[in-house]
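Asker: Okay, sequence plus prediction incoming.
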Amino acid sequence: MSSPPVATATHAPRTTQPTANVERLKGLLKQTLRISVGDGRIFIGTFAGTDKQLNILLINADEYRRGPDAGPDGPEGRYVGQIMVPWRLIVCVELRTDSQPAQRYRDSDDESMYT
C-alpha cells in the first residue's frame, strides 16, 4: 500500500513591498507588550504575531487583575502562557523597553498602531 501524494503549496513571490506599518509591526516581534483590556485585566508577554482581525498573540504571558478582582494584596499575576487577545477588547497596548519609557498605542483616530 502506498500513501496518497502530499500536496505542497508554493507561495507566489511578493510583488509589492510591505508598507511602513507592516514593517513597524514586524519590529515589535519578540518585544514585551503590556495589553490592557476593557474589564481591567492586563496581559504582559512577548509579542508573537497577529491575525487578519488584528487579534494579538502573546507568548510567555502573565495576567494581572485591577479593581475589585485584584485581591486584598493588590494585583497578583498568574502565568497564562500563550494567549490570543481579541482586538475588540483591547483598550491600550504598551511597548516595554529597558532604555526608554513605555510607548502607548491606543485605538483612536489620532494615534493608532495600525494606521
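Answerer: Noted; the coordinates are in hand. Numbering: from 1, shown residues only.

Asker: so what strands line up beside the helix or strand harbouring Ile83?
Answerer: If you go by DSSP states H and E, Ile83 is part of strand 78-85. Applying DSSP bridges, strand 78-85 is found paired with strand 56-65 (antiparallel).

Asker: quick one: the strand it pairs with to chain centroid distance?
Answerer: Offset of strand 56-65 from its chain centre (Cα atoms, centre = their mean, to the nearest Å): 9 Å.

Asker: and what of stretch 33-50?
Answerer: For stretch 33-50 - counting by Cα atoms, centre = their mean - the centre lies 6 Å from the chain centre.

Asker: Give the buried residues for that stretch.
Answerer: 33-37, 41-45, 47-48, 50 (16 or more other Cβ atoms under 10 Å). For every residue, glycine as well, the C-beta is placed using N, CA and C.

Asker: For Ala12, state which of those is nearest.
Answerer: Among these, Thr50 lies closest to Ala12 (Cβ to Cβ), at 22.1 Å.

Asker: Look up phi and psi at that closest one.
Answerer: Main-chain torsions, Thr50, degrees, to the nearest 10: phi -150, psi 170.

Asker: now it, nearest residue through space, not along the chain?
Answerer: Sequence neighbours aside, Ile56 is the residue nearest to Thr50 in space, at 5.6 Å (criterion: Cβ to Cβ, 6 or more residues apart in numbering).

Asker: And the next helix or strand past the strand holding Ile83?
Answerer: Using DSSP H and E, the helix or strand that follows strand 78-85 in sequence is strand 90-96.

Asker: Tell me what angle that next one forms with strand 78-85.
Answerer: With axes from the mean of the first three to the mean of the last three Cα atoms, to 10 degrees as the basis, strand 90-96 and strand 78-85 are set at 110 degrees to each other.
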